[in-house]
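Q: okay, predicted coordinates and the sequence, questions at the end:
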Amino acid sequence: MNQNNLDACPGWQGHLQLTYGYSGGKTQAIEHRGTAPLKVQRSFYPESAAICHNTILHTAGGVVGGDRLNIDIDLQSRSRAVITTAAAGKIYGSNGALASEQIVQNVGENACLEWLPQETIIFDGALFDRHLRVNLAATASWLGWEIDRFGRTARGERFTHGVWKSATEVYRQGIPVWIDRQLLYGDDKIDLPNSLAGYPIVGTLAWIGAGNLESDELLVSKNIVVKARSLFDGAPSKIGVTRLTEGILCRYRGDSTTEVRRWFAAVWHLLRHSYLDSPPIHLRVWQ
Amino acid sequence: MDRENSTPDRQQLLRLLQLSSPLLPVGGYSYSEGLEQIIDRGIIRDRETLQAWIDRELQTGAIRIETAMVDRAYLAGMAGDLERACYWNQWLSAARETEELRLQSWQMGGSLVKLALELTPEIADSISAIGNPCNYAIAFGVVAQSWQIDRDATILAYLHTWVANQLGVGIKSIPLGQTAGQQILWHLQANIDALARTIPTLADGDLYACSWGLSLASMQHETLYSRLFRS
């Protein structure tokens, strides 16, 4: 798409719908429809029939100002899905129009979604608004991560102008359980210790488990927090781990996609082992 | 505007001073909100770096969202819409950056609720409708409104006490002289005022913050070996 033509062209209005159902021990993508530039690749089952894996593809390669992408994912009761993306997302510099990505994920009773997209590269000058809303049934659980790189750092680019907004909002039965509203203005203040502190990459991993409503105890024990911290092999000042009322939250602020991927995958495996009774699995696209 | 109407009445001013006094037994002074960790790492080390940190937090930090919650609770109390206050209380619990900050907010909120019920038992209905645990910002807004303190004054007082607490941490931990602390507070007056004017204009879709520094510092504070301030 020609960026000079934004007035004439309103940008992509892509929509992807993915619905999972569960029966006879198998989770299946019973509905998958995508309009350009969004596509979903064929389902695969690298671990068991109960857990359906899918990869979302953005066929245009990147997102420009004016693009509006909507992704709706529904997991019916007892279904389990692991979803990733085929490549790193790219948000190009804008000539004034906002690019938006609106994702809604509905997770039914005893269902579990593991949402593991590859990182997003925010080009200098990008105007990007990402909104992820997760609606959980009483016994649903959800794991999601997000890794963002500000500027094409390999060529020395920094995020010196533009706006990045990213909201993740998880509700259970209509009640907010985790609200994360992050905002970064591209300017000369990004390197202050309050924000990026000189680093180009931030990452967030959150796990929201099916809580025990009868108990005042938090779902995740302090022991799991200590273990999650110890799985990081870089400088401890780059990471933080804390407990949510119904889960755990890990943050990374650093300079290596490999480092944060490796840590998040290790924490994911720990949480899978501890709460989902599932063995670790290595995603092909992540290797 | 004549002087009579532009000046908060004397009872209101006294109540405001009481609500924002360091004597208020809610324990705000015992928390550092990540500062102790950042000072321990040498990132904040003098008057300039402390002032820059607080200034940036006022411009884009989590304190904006927190103060917007004070205002939403105040408005909900004024409209008698206690379900709304209850919703924002749940929202803020979900939006707190770390367990440490959430527990701080709940402890201080609980202490303020308890105190307000001792002083003015007639506000029990509006307070109990918020639910338990109650975040400090929500309690502050509802109590200020039921004590008939002016809305803008409530916002200013909340921001002022927050900045004063942060300065208290800096003075103890860096350490800094009392005069340096007062100088920072004086310099930040315009920024506090600017934010206080912005808060009532923030729509729900504006409630964003850049809180990477605060989040990581607070998460790491839980593991700091020797601490003056609570987790």
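A: Cool, the structure landed. Numbers count the residues shown, from 1 in each chain, chains lettered A, B, ... in the order given.
Q: how many other residues sit next to the nearest residue to A:I190 once chain neighbours are set aside?
A: Among residues not flanking A:I190 along the chain, A:L196 sits closest, at 4.8 Å (C-beta to C-beta, 6 or more residues apart in numbering or on different chains). (C-beta placed from N, C-alpha, C; glycine too.) By the other C-beta atoms under 10 Å in any protein chain shown criterion, the neighbourhood of A:L196 contains 22 residues.
Q: quick one, what contacts A:L196?
A: Neighbouring residues of A:L196 by C-beta atoms under 8 Å, 6 or more residues apart in numbering or on different chains: A:F150, A:L184, A:I190, A:V202, A:R253, B:W212.
Q: just checking, what packs against the strand or helix carrying the second one?
A: Mapping A:L184 onto the secondary structure by DSSP states H and E places it in strand A:175-186. Secondary structure elements in contact with strand A:175-186, counted by 3 or more C-beta pairs under 8 Å, 6 or more residues apart in numbering or on different chains; DSSP states H and E, are strand A:162-172, strand A:201-208, strand A:247-254, helix B:82-95.
Q: tell me the angle it makes with strand A:247-254.
A: 10 degrees (axes from the mean of the first three to the mean of the last three C-alpha atoms, to 10 degrees).
Q: got the angle between strand A:175-186 and strand A:162-172?
A: Angle of strand A:175-186 versus strand A:162-172, following the same axes, to 10 degrees, is 170 degrees.
Q: list the buried residues of strand A:175-186.
A: Neighbour-count burial for strand A:175-186, counted by 16 or more other C-beta atoms under 10 Å in any protein chain shown, picks out A:P176, A:V177, A:W178, A:I179, A:D180, A:R181, A:Q182, A:L183, A:L184, A:Y185, A:G186.
Q: how far does that strand sit from its chain's centre?
A: 13 Å (C-alpha atoms, centre = their mean, to the nearest Å).
Q: for A:R272, give me its contacts.
A: Taking C-beta under 8 Å, 6+ apart, one finds A:S278, A:P279, A:P280, A:I281 in contact with A:R272.
Q: try it again with 6 Å
A: Contacts were defined as C-beta atoms under 6 Å, 6 or more residues apart in numbering or on different chains; by that measure A:R272 touches A:S278.
Q: which helix of chain B spans the most residues?
A: Ranked by residue count under DSSP state H, the longest helix found in chain B is helix B:151-173.
Q: so the residue in the stretch 151-287 of chain A that chain B sits nearest to, which of the three states?
A: Closest residue of the stretch 151-287 of chain A to chain B, C-beta to the nearest C-beta: A:G240 (2.7 Å). Three-state call for A:G240 (DSSP: H, G, I helix; E, B strand; the rest coil): strand.
Q: doesn't B:S218 make contact with it?
A: No - under the criterion of C-beta atoms under 6 Å, A:G240 is not in contact with B:S218, lying 7.5 Å apart.
Q: enumerate the residues of chain B near chain A.
A: B:43, B:56, B:90-91, B:94-95, B:98-99, B:207-208, B:210, B:212-213, B:215-216, B:219-220 (C-beta under 6 Å from any C-beta of the partner chain).
Q: so which of those belong to helices?
A: Counting by DSSP H, the residues of chain B next to chain A place B:R56, B:Q90, B:W91, B:A94, B:A95, B:E99, B:W212, B:G213, B:S215, B:L216, B:M219, B:Q220 in helices.
Q: who's in contact with the second one?
A: To tie it back to what came earlier, the one meant is B:Q90. B:Q90 sits next to A:I175, A:P176 when contact means C-beta under 6 Å, 6+ apart.
Q: bridge partners for A:I239, pull those for me.
A: Applying DSSP bridges to A:I239 gives these bridge partners: A:Y252.
Q: export the strand holding A:L184 as CSV, just CAs?
A: Taking C-alpha atoms only, strand A:175-186 is exported to CSV below (Å, rounded to 0.1, in the frame of the first residue of the first chain):
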residue,chain,number,x,y,z
ILE,A,175,-15.9,-7.9,36.7
PRO,A,176,-12.5,-6.5,35.9
VAL,A,177,-9.7,-8.8,37.0
TRP,A,178,-6.7,-7.3,35.2
ILE,A,179,-6.6,-3.9,33.5
ASP,A,180,-3.3,-2.8,31.8
ARG,A,181,-3.4,0.5,30.0
GLN,A,182,0.0,1.4,28.6
LEU,A,183,0.9,4.6,26.7
LEU,A,184,4.1,5.8,25.2
TYR,A,185,4.6,9.0,23.4
GLY,A,186,7.6,9.0,21.1
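Q: and the buried residues of strand A:175-186, which two are the farthest apart?
A: With C-beta to C-beta as the measure, no two of those lie farther apart than A:V177 and A:G186, at 30.9 Å.
Q: thought A:G14 was touching A:V40?
A: No - under the criterion of C-beta under 6 Å, A:G14 is not in contact with A:V40, lying 11.6 Å apart.
Q: any idea how far A:Y252 is from A:G151?
A: 17 Å (C-beta to C-beta, to the nearest Å).
Q: more neighbours: which of those two?
A: Set A:Y252 next to A:G151 and count neighbours by other C-beta under 10 Å: A:Y252 wins out with 25 against 22.
Q: quick one, what contacts that one?
A: Under the criterion of C-beta under 6 Å, 6+ apart, the contact list for A:Y252 reads A:G203, A:I239, A:V260.
Q: if you set the cut-off to 10 Å instead, what comes out?
A: A:145, A:147, A:199, A:201-205, A:232, A:234, A:238-240, A:259-261, A:263-264, B:212, B:216 (C-beta atoms under 10 Å, 6 or more residues apart in numbering or on different chains).
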